[in-house]
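*Asks:* sequence isn't available, so here's the structure alone:
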């Protein structure tokens, strides 16, 4: 009972009264995207209240319909504390999309994003707000420079991955900040409005997207903090995040002409080629006829592509149970027709130009575009 989040919310309602009434406009909105963070929500509110005692603030929890009742815990607190708000998203998933939706729901002059897992240092928020008051456009909590630290909150693998992503973003996109992967930042609300339409709702790294997509050069301040260990729950980051990061890089390099979702779909299609060749070699080694071996390899690659796309590219529309089986069957059908489109276009190009690599490339592109468009409508259609 000691860790029951609903009981903690009730105790907070009795113990803590808001320092300003519900008709006072907040100067600062803190957006906290959540998924299965019911135990952390009361602690986040308590810590914000302590850190922001002399500031007019509000916190907006944006919850992706957590099965652990995170939204209900936030609403329990909000009933007695007007500084707490909750947006419950149904049929929509993803950290970047949650952040964007929460930031757009704010009416404060300054908006901040922080995680709901207590790893970000909320005591830094007053200094961040003071920097905004003094003219900064964007203030970033950094783990990797100026005395910041990440050794407690990141595993060795995550630390190495974050450093690699940081260096890649700097070199490829020309980003000149120490921690572009940070999920802890604050900015002027009017500047966020100016960039919001250009942001992708997919992925985890909304800060990098904001910096790269901003139509004007931002006055950026970086403040160091120590990244803490998670107290409750599990990390929502997995090894597939690297694909989302690569997708964001390609999308931004193409000036958003290519969507992140399409780039991810194409990247996963590339992994399917390796699966195809691996299975083909193994089946042929068993002495099976090439036609049957090729067919087996094709279905293995399509299955691999479906699983990865379901987990990553269409994370916000992820299919489960019977829906996943139906989706797999429609994906087989889509890819089969896509192969016909691939061959048809390649044959047409080869007949007119007789350049094998040009014909093959044109066919492959046609196949990817067709599979992406058709699977978006038929396999992962919006409910």
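*Replies:* Received, thanks. In this text the structure is predicted, and so the values were computed from the model without any measurement.

*Asks:* endpoints of stretch 179-187, how far apart?
*Replies:* 15 Å (C-alpha to C-alpha, to the nearest Å).

*Asks:* one more: stretch 226-246?
*Replies:* Note: stretch 226-246 ends 27 Å apart using C-alpha to C-alpha.

*Asks:* isn't residue 250 right up against residue 256?
*Replies:* No. Between residue 250 and residue 256 there is no contact, the gap being 10.3 Å when judged by C-beta atoms under 8 Å. For glycine as for every other residue, the C-beta is placed from the backbone atoms N, C-alpha and C.

*Asks:* who has more neighbours, these two?
*Replies:* Counted by other C-beta atoms under 10 Å, residue 250 and residue 256 do not tie: residue 250 has more neighbours, with 18 against 15.

*Asks:* what residues are up against the more buried one?
*Replies:* Counting by C-beta atoms under 8 Å, 6 or more residues apart in numbering, residue 250 makes contact with 258, 260, 263.

*Asks:* any buried residues in the helix or strand where it lies, and which?
*Replies:* Secondary structure from DSSP states H and E places residue 250 in helix 241-253. Residues of helix 241-253 classed as buried by neighbour count (16 or more other C-beta atoms under 10 Å): 241, 243-252.

*Asks:* where are the low-confidence patches of the stretch 151-300 of the chain?
*Replies:* Low-confidence regions of the stretch 151-300 of the chain, defined by pLDDT under 70, span residues 151-162, 203-204, 230-243.

*Asks:* now do the strands in it.
*Replies:* Per DSSP state E, counting those that start in this stretch, the stretch 151-300 of the chain carries strands over the ranges 185-188, 220-224.

*Asks:* show me what the longest one packs onto, helices and strands only.
*Replies:* Using 3 or more C-beta pairs under 8 Å, 6 or more residues apart in numbering; DSSP states H and E as the contact test, the elements touching strand 220-224 are helix 125-133, strand 138-142.

*Asks:* what about that strand, distance to the chain center?
*Replies:* Computed by C-alpha atoms, centre = their mean, to the nearest Å, the separation of strand 220-224 from the middle of its chain amounts to 23 Å.

*Asks:* do the same with the first one
*Replies:* How far strand 185-188 lies from its chain's middle: 18 Å, per C-alpha atoms, centre = their mean.

*Asks:* contacts for that strand?
*Replies:* Outside strand 185-188, the residues that reach it (C-beta under 8 Å, 6+ apart) are 28, 109-113, 125, 128-129, 131-132, 137-141, 207, 210, 218.
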